Structure formats: structure tokens, C-alpha cells
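Asks: how would this look folded up:
(one chain, ligands or ions: 1)
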Amino acid sequence: MTLVEGIVMVGSVSAIAWLNWYFFFAVPKTQQAAVDGAGLQEALVRVDGGYSPSAIQVEAGRPVRLSFDRADTSGCSEEVVLPDFGIRKFLPTGAVTSVEFTPTQAGTYQFTCGMGMLRGRLVVTSR
Ligand SMILES: [Cu+2]
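Replies: The predicted structure follows:
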């Protein structure tokens, strides 16, 4: 094996290890949604190769507005899906698109891109 081949191999192995860690073990930072005077729970999620923040905490029984600010142009992120709330929405690049719903049950609900590759979580706590 040449030196270059060795470097490529070590590089590939560490890239694969990092990807596995990133997708399966990284604990997303949970952000508490802001609550306005009317009780609406709002969070702004940046969409740029992933969701940031990727975990949002809200309370059950109050309306939620998630606003997705899509910065990237990859086809992957052009849709956001919240299957538990029956929501599938197109996100134009460079725009903020909001979805509104009211979670009634505490639990953890996923939101994903149209293909289920990008993932975020909505953590619903009981009041
Ligand atoms: Cu995707």
C-alpha cells in the first residue's frame, strides 16, 4: 500500500465512523419554543442540510407554529413532513414557511424531509 492509499483509507474509515456517530448517537440540542401572549408556541427552524435546532420542546394542548427557514437548494430538503400531524409542506428556498397544529398528547414526534433523510424531533410535554 502506498502512503496516499493509506491516507485515503484512514480518511474514509474516520469519515464513516463520524457519519455513524452523527446520525445515530449525536444528542440533538433541544430548544424550548417561545410562547406569545396568546399562548402560541413558536420556533424558527433553519433548514440547511439539516434542521437547526433539530429538537424543539413544546407543551401539549397549545397551538404550535413551526417556521422553516430554508437556506439550501438541495432537493432533499424541499419538503417537510410531520406524519403524526398529517402535515406535508413544500419549502421554497430563501423563504420562511410556517406550519401550525396543536399537539394533544405528550410524546416525541419526528419531522423529516420528504424522503425521511433529514430528521428533527418535536418533544411534547404535558402541562
Ligand atoms: Cu431528503
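
Asks: What residues does the chain have near the ion?
Replies: Proximity of the chain to the ion, by CB under 5 Å from the ion, involves residues 76, 113, 115, 117. Where C-beta positions appear, they are placed from N, C-alpha and C, glycine not excepted.

Asks: give me that answer again for 8 Å
Replies: Residues of the chain lying near the ion by CB under 8 Å from the ion: 74, 75, 76, 77, 79, 112, 113, 114, 115, 116, 117, 118.

Asks: what's the closest non-adjacent residue to residue 40?
Replies: residue 63 (5.2 Å; CB to CB, 6 or more residues apart in numbering).

Asks: What segments of the protein are helices?
Replies: Assigned by DSSP state H, the helices in the chain fall at 3-24.

Asks: can you tell me which residues contact the residue lying closest to residue 88 once chain neighbours are set aside?
Replies: Leaving out its chain neighbours, the residue that sits closest to residue 88 by CB to CB, 6+ apart is residue 81, at 4.9 Å. Shown in contact with residue 81 (CB atoms under 8 Å, 6 or more residues apart in numbering): 87, 88, 89, 111, 112, 113, 114, 116.

Asks: ok, back up a step: surely the residue nearest to residue 40 meets residue 102?
Replies: Yes - Residue 63 lies in contact with residue 102 (CB atoms under 8 Å); the separation is 4.8 Å.

Asks: what sits in contact with each of those two?
Replies: By CB under 8 Å, 6+ apart, no residue touches both residue 63 and residue 102.

Asks: follow-up on the earlier one: list buried residues within the residues of the chain next to the ion.
Replies: By neighbour count, with 16 or more other CB atoms under 10 Å, these hold 77, 112, 113, 114, 118 as buried.

Asks: Now intersect those residues with the strands, please.
Replies: 112, 113 (DSSP state E).

Asks: Which member of the buried ones among the residues of the chain next to the ion is positioned nearest the ion?
Replies: Nearest to the ion, judged by CB to the ion, of these is residue 113 at 3.4 Å.

Asks: Identify the bridge partners of that closest one.
Replies: Taking DSSP bridges, one finds residue 80 as the beta-bridge partners of residue 113.

Asks: I figured it hits residue 72, correct?
Replies: No - using CB under 8 Å as the test, residue 113 is too far from residue 72 to be in contact (10.7 Å).
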